[in-house]
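K.L.:
sequence isn't available, so here's the structure alone:
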């Protein structure tokens, strides 16, 4: 998953009312607390491999889009009387964190033979419910509501009048003690009348407005979300090893679905280039589930047979300004191989309640970030200059990440597990840097492979060695660091373990930029932004002066980021401060940019009038460097401005011909 987005809201709150029991004690009367029945121990991590006895039947009513309430019912066959534990998903694959939104589950009622039976929440594991199955009961029913956010302050918007992002990982409780692949689910969904839908699930039939899906194992089921809405367009994109790939578009308004033949051709070229890169596949069919929306929260999420891609409404209609968004689909498609079929061993858990670890996210996400960026330019989704702007921005962001002085990249893989909400000093604390820094590390690997083998081997060969195995299999397969090192060693003998240790496990003052140098380019700074950089500013609705000032400002003047130990930091600016005036003029983006430009070579600081809370003060910010934006500049060569060698970026970005 990309954090475009960063992406994902996690609400993990402990509750002192976790047992779901209310004890009423009269005021001022001494009383002995009533004894609660003993709760059974949670099942051990060693789980049954035998199939669950029966089929889980899950029904979701998603018609109440006005109030964004989804109503669910699970019919669960049971083998006999006694204790039963039911989980709601907690550790969601692709989220790298215990992000299952249990706080949004309400109205829980459990019935057996039409009679309500008591349930208790586990006092430690809040996603677990304990029930006692009565004698003579063959199945129980669990009803609930999923209360989807209705305002961004509550979390990512998933339901609107024009679109639903239905994620089974929020809606699919399951019985304890069985591995996910050993449970079978048969689901049905009700959508608003007249709505289209797309999913990797196989539709069995549609009766009376209810969509019934074919039975499938639980692991595959929760990995197959549904995107639905009234404004829909589907385009076939071609095949990967015989499997059809489709672009399923949903939009806030029908006119946003207007894609030109040239734009669709680039997406079809993406499928062709991906097929030539991997030469394998692990899906029966693949769906890009794409939401063109300003209402549903942005998201890029990977799945084995589909991907959720929520991007800017004008992805097609404002193509020229959407360059950063055009990397989203390549990234999530690569994840079908790297992250879904193969993933770090400590992420491959048997159920969604077993904790995951993220030690190899710099492979899972970093390599995917690199391959997605490369495929974007090979397919024509990015021009060569846009690709240079993309890599320049990544390089500068990591070079100026001050937290690299104390925190190694490896430790950033833990960020999603423990981080709660936005950070006050992102550059110092470091967040999910395994994406961008991972991108640079894998460029380094690619150019080094090409250099050491005189172009006989490239990272493409490594990708096939690691991922083009057990072709057609949809059973996830783990990899360890040793597997990564061994695959590289076969292609080009080198101390790859030491290579990764230096870049991943140790702190370093500089970002890993050797790949750029080896690829024929160097990071430089100019007083005008690249087109890619400016597009990113427009999409994020910010003015990004992070290089010269350490300052990023929202369009309304609110400070969005301050780099640690930067000029803005020294002036005591913080996230949330609002800039009211620049050198005596009311704040405006152009006023700020022009003022910084005029600072170059001058000793006078930039004077900002700022408001924080009720206080209004003047702050002086040193700005003698003027405007500075990252670019990649071709290193001088006797062969011309765009010398092409085996390790050059020109060679790496060239489309594959076979």
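P.N.:
Happy to help now that I have it. Owing to the predicted nature of the structure, the values given are computational and were not obtained by experimental measurement.
K.L.:
bridging residues for the residue nearest to residue 211 when sequence neighbours are not counted?
P.N.:
Among residues not flanking residue 211 along the chain, residue 189 sits closest, at 5.0 Å (C-beta to C-beta, 6 or more residues apart in numbering). Where C-beta positions appear, they are placed from N, C-alpha and C, glycine not excepted. Under DSSP bridges, the beta-bridge partners of residue 189 are residue 60, residue 211.
K.L.:
need the phi and psi values for the closest residue to residue 145 other than its chain neighbours.
P.N.:
Distances taken as C-beta to C-beta, 6+ apart place residue 107 nearest to residue 145, at 4.4 Å, with adjacent residues excluded. Main-chain dihedrals, residue 107, degrees, to the nearest 10: phi 70, psi 30.
K.L.:
which ones are touching residue 107?
P.N.:
Listed by C-beta atoms under 8 Å, 6 or more residues apart in numbering, the contact partners of residue 107 are 143-145.
K.L.:
neighbour-wise, which of these leads?
P.N.:
residue 144 (21 neighbours; other C-beta atoms under 10 Å).
K.L.:
just checking, what packs against the helix or strand where it lies?
P.N.:
Using DSSP states H and E, residue 144 maps to strand 139-147. Applying 3 or more C-beta pairs under 8 Å, 6 or more residues apart in numbering; DSSP states H and E, one finds that strand 139-147 contacts strand 69-77, strand 105-112, strand 128-133.
K.L.:
rerun that using 6 Å as the cut-off
P.N.:
strand 69-77, strand 105-112 (3 or more C-beta pairs under 6 Å, 6 or more residues apart in numbering; DSSP states H and E).
K.L.:
next helix or strand past the first one?
P.N.:
Going down the chain from strand 69-77, the next helix or strand is strand 82-87, by DSSP H and E.
K.L.:
just the buried positions in that next one, please.
P.N.:
Using 16 or more other C-beta atoms under 10 Å as the test for burial, strand 82-87 gives 84-87.
K.L.:
before we move on, what about stretch 608-628?
P.N.:
So stretch 608-628, judged by 16+ other C-beta under 10 Å, has buried residues 608-610, 619, 621-623, 625, 627-628.
K.L.:
in strands only, show me those residues.
P.N.:
608-610, 619, 621 (DSSP state E).
K.L.:
return the member of those residues nearest to residue 180.
P.N.:
residue 610 (51.6 Å; C-beta to C-beta).
K.L.:
quick check, the closest one in contact with residue 576.
P.N.:
No - the criterion here is C-beta atoms under 6 Å, and residue 610 misses it with residue 576 at 10.4 Å.
K.L.:
next, count neighbours for the closest residue to residue 285 other than its chain neighbours.
P.N.:
What sits nearest to residue 285 in space, not counting adjacent residues and going by C-beta to C-beta, 6+ apart, is residue 244, at 5.0 Å. Residue 244 has 15 neighbours, counted by other C-beta under 10 Å.
K.L.:
numbering from 351 from now on, please.
P.N.:
I'll keep to 351 as the first residue from here, and by that count the last item is residue 594.
K.L.:
who does residue 594 bridge with?
P.N.:
In beta-bridge terms (that is, DSSP bridges), residue 594 pairs with residue 589.
K.L.:
do the same with the one 5 residues further on
P.N.:
Each beta-bridge partner of residue 599 is listed here, defined by DSSP bridges: residue 583, residue 640.
K.L.:
go ahead and confirm it touches residue 640.
P.N.:
Yes - counting by C-beta under 6 Å, residue 599 touches residue 640, with 5.0 Å between them.
K.L.:
check which helix or strand covers residue 789.
P.N.:
With DSSP H and E as the test, residue 789 turns up in helix 786-802.
K.L.:
please read the previous query as pertaining to residue 911.
P.N.:
Per DSSP H and E: strand 909-912 holds residue 911.
K.L.:
check which residues of that strand are buried.
P.N.:
For strand 909-912, by 16+ other C-beta under 10 Å, it's 909-912.
K.L.:
redo these as JSON lines? Include pLDDT.
P.N.:
Formatted as JSON lines, the buried residues of strand 909-912 follow (pLDDT from 0 to 100):
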{"residue": "909", "pLDDT": "98"}
{"residue": "910", "pLDDT": "98"}
{"residue": "911", "pLDDT": "98"}
{"residue": "912", "pLDDT": "98"}
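K.L.:
of those residues, closest to residue 890?
P.N.:
Looking across those and measuring by C-beta to C-beta, the closest to residue 890 is residue 910, at 8.1 Å.
K.L.:
touching, that closest one and residue 901? I think so.
P.N.:
No - the criterion here is C-beta under 6 Å, and residue 910 misses it with residue 901 at 8.8 Å.
K.L.:
the strand holding residue 494 - what's its average pLDDT?
P.N.:
In this model, strand 489-497 has an average pLDDT of 98.
K.L.:
off-centre distance for it?
P.N.:
28 Å (C-alpha atoms, centre = their mean, to the nearest Å).
K.L.:
tell me the strands beside it, with direction?
P.N.:
strand 419-427 (antiparallel), strand 455-462 (antiparallel).
K.L.:
now do it: everything it contacts.
P.N.:
419-428, 454-462, 520-521 (C-beta atoms under 6 Å, 6 or more residues apart in numbering).
K.L.:
how near is residue 729 to residue 677?
P.N.:
11 Å (C-beta to C-beta, to the nearest Å).
K.L.:
one more: residue 890?
P.N.:
15 Å.
K.L.:
what's the answer for residue 587, then?
P.N.:
Relative to residue 677, and taking C-beta to C-beta, residue 587 is found at 17 Å.
K.L.:
more neighbours: these two, which one.
P.N.:
Each of residue 587 and residue 677 has its neighbours counted (other C-beta under 10 Å); residue 677 has more, 24 against 20.
K.L.:
list the buried residues for the lowest-mean-pLDDT helix or strand in the chain?
P.N.:
Ranked by mean pLDDT, DSSP states H and E, the helix or strand of the chain with the weakest confidence is helix 765-768, at a mean of 92. For helix 765-768, a neighbour-count test (16+ other C-beta under 10 Å) marks 765-767 as buried.
K.L.:
mind listing the helices for the stretch 551-700 of the chain?
P.N.:
For the stretch 551-700 of the chain, helices defined by DSSP state H, counting those that start in this stretch occupy the ranges 568-572, 611-628, 678-684.
K.L.:
pLDDT value on residue 779, please?
P.N.:
97.
K.L.:
what is the burial count for residue 708?
P.N.:
22.
K.L.:
hang on, the earlier thing: got TSV for the contacts of residue 457, with distance to residue 611 too?
P.N.:
Converted to TSV, the contacts of residue 457 look like this (distance: C-beta to C-beta, whole Å):
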residue	distance to residue 611
493	49
494	46
495	45
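K.L.:
can you tell me which of those residues lies closest to residue 718?
P.N.:
Closest to residue 718, out of all of the contacts of residue 457 and judged by C-beta to C-beta, is residue 494, at 34.3 Å.
K.L.:
look up which residues are beta-bridged to the closest one.
P.N.:
residue 422.
K.L.:
what about it, distance to residue 456?
P.N.:
7 Å.
K.L.:
same thing with residue 776?
P.N.:
Separation of residue 776 from residue 456 (C-beta to C-beta): 33 Å.
K.L.:
residue 934 now?
P.N.:
Counting by C-beta to C-beta, the gap from residue 934 to residue 456 is 53 Å.
K.L.:
now do residue 693
P.N.:
From residue 693 to residue 456 the distance is 33 Å (C-beta to C-beta).
K.L.:
please apply the same query to residue 706.
P.N.:
26 Å.
K.L.:
okay, the two: which has more neighbours?
P.N.:
Higher neighbour count among residue 706 and residue 456: residue 706, with 21 against 10, using other C-beta under 10 Å.
K.L.:
sounds good, over and out.
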